[in-house]
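# I would like to see how this sequence folds:
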Amino acid sequence: MSGVLASPCRLLCGLVVVVAVLCQAVPGHARRAEAVWGEGQVSKTRAQAQGEAFTSAVTDEALDILRAPLSEARRAALREYLSTVTGEVVRGYSELGMTPVQGGTRLAVDVDVNRDMLKERLRQVGAYYTAEEPVAMVLQLSGASPEVAERVSKLQLLYGVEQRAGASVRVALRPQNPQSKGWYGTLDASEGSTSADGASVDDVWRGLWAWYFSHRQVAGAAAGQQAVLRVSGWLTADSVESFDRALHDWDRALQSAQLQDVTMRPGGLVATWKLVLVNRVELDRRLDEYLAPRKLTREVLP
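Residues are numbered from 1 along each chain as shown. Sure thing, here's the model as predicted:
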């Protein structure tokens, strides 16, 4: 009899551990990347090659999150930006080896990317919201040198905003005064208005659009975009863990998914997640695609 009772007890203990681990885990993905270093290469040293590999891994992860076709020019702009934040989003790495090649040495690494942190950086520069549809704006740029005008064009490309007559979003940029190298800007939109100043046009642009996209994000959450997902019929804790990992990859459907609890019922395990939605139609499609073949039942509650 004791042997019969031990199995459910071990299962319950296992569930407690699984839920604790999943609820505290920060999603990360290992991305393999390579770079060549040596004389005649873009990377002259091993350290530079490692940095290039990190940037490649983070860029690949970003493109997987966005899941939208980007022009080559916008990919290049995105990569340039991501090269400045690898220190924030790379949690660790392991070297897979070095191979002699013509003109240098190829370095291969597995890079552990903090996916949630990367999403936040993509939100801050708008790419998370504008990968499929750009934001239209009316831009008034005053007192800009050709170099500054070119820089603003690159920022538009990165952020996914384009000039369009009659757009509801209006942005104005100008030098603070003739004697100063500082810049000042304003942004007016249906969400409200804001202003920013800084030493460079980059600083001002970043401040204006960070405000815009943060308000867009908050507005989406305030519009009832939160939900609770309950899935029944799981046979093992491992299958719950696999589904939890899958949810964190559904970036077009979900902004976030947090496992709340797993309970034992006569028909199997029941797991509950707290969700912040991006697209309910896309969520339903992905749930049907994943759960139906496994004969699992689900309900999404407001």
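# residues in contact with the residue nearest to the spatial centre of the chain?
Among the residues of the chain, the one closest to the centroid is K119, at 1.9 Å (CA atoms, centre = their mean). Residues in contact with K119 (CB atoms under 8 Å, 6 or more residues apart in numbering) are 65, 128, 251. Where you see a C-beta, it was placed from the backbone N, CA and C, and this is true even at glycine.
# List the buried residues of stretch 86-100.
Neighbour counts over stretch 86-100 (16 or more other CB atoms under 10 Å) mark 86, 89-90, 93 as buried.
# just stretch 118-128 next, same as before
Neighbour-count burial for stretch 118-128 [16+ other CB under 10 Å]: 118-119, 121-128.
# before we move on, back to that, what is the nearest of the contacts of K119 to G198?
Y128 (23.0 Å; CB to CB).
# In terms of secondary structure, what does the helix or strand where the closest one lies contact?
Counting by DSSP states H and E, the element that carries Y128 is helix 127-130. If contacts are counted by 3 or more CB pairs under 8 Å, 6 or more residues apart in numbering; DSSP states H and E, helix 127-130 sits against helix 46-66, helix 115-124, helix 146-159, helix 201-222.
# How far does it sit from its chain's centre?
9 Å (CA atoms, centre = their mean, to the nearest Å).
# and what of stretch 51-65?
Distance, centroid of stretch 51-65 to centroid of chain: 11 Å (CA atoms, centre = their mean).
# what does the domain assignment say about the protein?
Following the assignment in automatic domain parsing, the chain carries domains at 28-127, 134-222, 224-301.
# What's opposite the nearest residue to Q50 once chain neighbours are set aside in the beta bridge?
Spatial nearest neighbour of Q50, excluding adjacent residues (CB to CB, 6 or more residues apart in numbering): L107 at 6.5 Å. As for beta bridges, L107 partners with A35, M98 under DSSP bridges.
# And L107, how close does it get to E132?
34 Å (CB to CB, to the nearest Å).
# among the buried residues of stretch 118-128, which two are most distant?
Maximum distance among these (CB to CB): 14.3 Å, for L118 and G126.
# of L107 and E132, who's got more company?
When L107 and E132 are compared for neighbours, L107 comes out ahead with 21 against 12, by other CB atoms under 10 Å.
# Report pLDDT for that one.
The score at L107 is 93. That number is its pLDDT.
# Repeat that for V17.
Reported pLDDT for V17: 46.
# Counting neighbours, what do you get for R67?
Applying other CB under 10 Å, we find 12 other residues in the vicinity of R67.
# For it, which non-adjacent residue is spatially closest?
R252 is the one closest to R67 (CB to CB, 6+ apart), at 5.7 Å.
# What of S256?
Using CB to CB, 6+ apart and skipping the chain neighbours, the partner closest in space to S256 is V276 (4.6 Å).
# does the one you found sit in a helix or strand, and which one?
strand 268-277.
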